[in-house]
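> can't give you the sequence, but here's the structure:
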């Protein structure tokens, strides 16, 4: 979970052999958490990656040098009672981030491309049909979500 001395953080897309996804969301208590797991066979650097709320556009930038090792996970914590209890815990903010009733958590790679999403407490009917992929763009005044189809010409994916 830490970077070796003298090394430089690497910002990359999801590597072949890594399989990074949102494995769990706890949003209905004073200690919220989102768990990001790597069920692949290769370690994945998360430098430049971002976790975001679809409905509130709250954004968490993973720290430079963070790597989620193959078969391991990290938890991003928020809320009044959030406390880091282990080496894989990252304290975001001591305020609630996630809507208690429902929201969608989005995971973006270092270029703002959506890697994974998870709705809670369950996906909506619309999300079950065909969710629109998102791109997260960092602008001067903050982050903006755009639909993939609006920014990428047909045939370029």
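Perfect, I can see it now. Bear in mind the structure is a predicted one, so any value in this text is a computation, not a measurement.

> and the pLDDT at the closest residue to residue 54 other than its chain neighbours?
Sequence neighbours aside, residue 104 is the residue nearest to residue 54 in space, at 3.8 Å (criterion: Cβ to Cβ, 6 or more residues apart in numbering). To be clear about C-beta, it is placed using only N, CA and C from the backbone, and glycine gets the same treatment. At residue 104, the predicted lDDT confidence score is 90.

> residue 104 pairs with what?
As for beta bridges, residue 104 partners with residue 119 under DSSP bridges.

> switch to numbering from 303
Sure thing, new numbering starts at 303, so read that last one as residue 406.

> how close does it get to residue 353?
According to Cβ to Cβ, to the nearest Å, residue 406 stands 12 Å off from residue 353.

> now residue 392
Look at residue 392 and residue 353: by Cβ to Cβ, they are 9 Å apart.

> find residues that contact each of the two.
Residues touching both residue 392 and residue 353 (Cβ atoms under 8 Å, 6 or more residues apart in numbering) are 362, 364, 378.

> got the contact list for the nearest residue to the second one once chain neighbours are set aside?
What that stands for is residue 364. In this structure, residue 364 finds its nearest non-sequential neighbour in residue 348, 4.1 Å apart by Cβ to Cβ, 6+ apart. Contacts for residue 348 (Cβ under 8 Å, 6+ apart) come out as 322, 338, 364, 368-370, 376.

> helices along this structure, start to end?
Taking DSSP state H as the criterion, the chain carries its helices at 427-431, 450-453.

> lowest-confidence stretch among these?
Mean pLDDT is lowest for helix 427-431 out of the helices of the chain, coming in at a mean of 52.

> quick one: least confident helix or strand in the chain?
Least confident element among the helices and strands of the chain, by mean pLDDT, DSSP states H and E: helix 427-431 (a mean of 52).
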